[in-house]
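**Student:** predicted model, plus sequence, below.
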Amino acid sequence: MIWQIVSVATGGSIPTPKDTAAQAVSVFSDPFYRNGPNDQGVGWNVLSSLQRVAMGFGLAALVGIPVGFAIGRFAFLSRMCNPLISLLRPVSPLAWLPIGLLVFKGANPAAIWTIFICSIWPMVINTAVGVQRVPQDYMNVARVLDLSEWKILTRILFPAVLPYMLTGVRLAVGTAWLVIVAAEMLTGGVGIGFWVWDEWNNLNVKNIIIAIFVIGIVGLLLEMALVKLATAFTFEEVKS
């Protein structure tokens, strides 16, 4: 109803829900067509964006989670790294994109680099906080039993920190999906962000609205998948 009113108020600049739905049927009737490198269906664009997110996010997890464990476990590392994290974390992820373009000489690796740098901080911080909040009684028992650092990590820290770690992962993947759309608008190529920008250049507002729904639905599915993962592998309090 509101959408219809806005469409009428803007003199048709914003297409009506009916017109947008008809265009959506056309778009999704063949989402995987290819008419050249810069003219591909919405399905290929979404898959390309997800591939970049997966690569950047995976690299961030490989680096960020171990670093978070180390920072939380050793006080001297926490004192060393906290000022650096506080300095770099507020920087807009897109501010790192030109550095990626300069270093990697390509739009695709630069976009992956941007995803990496924006995804790493939630995982580092949440993992470190989880380690620091492990009850001291657990560590005292480990000291009495003379457990090795590896056993402390696998038997005590990892189970206790898992809820915090997965919270960091959820925050990171949401940020990554948010940033990749903006990064692709700037770098071009194949991707849902580039598709939005290309449709804007063609003044195709219907496809822009469709892309907004696609971005939201994919983000929701990613969130639901991670919540499902959390309920399967963490304690009862995470399920709430």
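**Tutor:** That came in fine, so what should we check first?
**Student:** moving C-terminal from the helix or strand encompassing residue 174, which element do we reach first?
**Tutor:** Residue 174 is part of helix 158-187, with elements assigned from DSSP states H and E. Once the chain leaves helix 158-187, the next helix or strand it forms, by DSSP H and E, is helix 192-201.
**Student:** elements contacting that next one?
**Tutor:** Here helix 192-201 touches helix 42-73, helix 158-187, helix 205-233, going by 3 or more Cβ pairs under 8 Å, 6 or more residues apart in numbering; DSSP states H and E. C-beta here means a position set from N, CA and C on the backbone, and glycine is covered the same way.
**Student:** can you redo these as a markdown table with mean neighbour count?
**Tutor:** Listed next are the helices and strands packed on helix 192-201 as a markdown table, based on neighbours: other Cβ atoms under 10 Å:
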| stretch | mean neighbour count |
| --- | --- |
| helix 42-73 | 20 |
| helix 158-187 | 21 |
| helix 205-233 | 15 |
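**Student:** what's the closest of these to residue 98?
**Tutor:** Nearest to residue 98, of all the helices and strands packed on helix 192-201, is helix 158-187, at 9.2 Å by Cβ to Cβ.
**Student:** show me what the closest one is packed against.
**Tutor:** Secondary-structure packing of helix 158-187 (3+ Cβ pairs under 8 Å, 6+ apart): helix 42-73, helix 97-104, helix 107-132, helix 192-201, helix 205-233, helix 236-239.
**Student:** what's the mean pLDDT across the second one?
**Tutor:** Helix 97-104 shows an average pLDDT of 88 in the prediction.
**Student:** next one: the first one
**Tutor:** Confidence over helix 42-73, taken as the mean pLDDT, stands at 91.
**Student:** ok, then the element right after that helix?
**Tutor:** That would be, after helix 42-73 and using DSSP H and E, helix 75-88.
**Student:** how distant is that next one from the center of its chain?
**Tutor:** The chain centroid and the centroid of helix 75-88 are separated by 23 Å, computed with Cα atoms, centre = their mean, to the nearest Å.
**Student:** and the angle from that helix to helix 42-73?
**Tutor:** Angle between the axes of helix 75-88 and helix 42-73 is 140 degrees (criterion: axes from the mean of the first three to the mean of the last three Cα atoms, to 10 degrees).
**Student:** what residues of helix 75-88 count as buried?
**Tutor:** By neighbour count on 16 or more other Cβ atoms under 10 Å, the buried set for helix 75-88 is 78, 81, 85.
**Student:** one more: stretch 92-103?
**Tutor:** Residues of stretch 92-103 classed as buried by neighbour count (16+ other Cβ under 10 Å): 93, 96-97, 100-101.
**Student:** for these, which one is nearest residue 157?
**Tutor:** residue 93 (29.2 Å).
**Student:** quick check: the closest one touching residue 177?
**Tutor:** No: if you go by Cβ atoms under 8 Å, residue 93 and residue 177 don't touch, sitting 11.8 Å apart.
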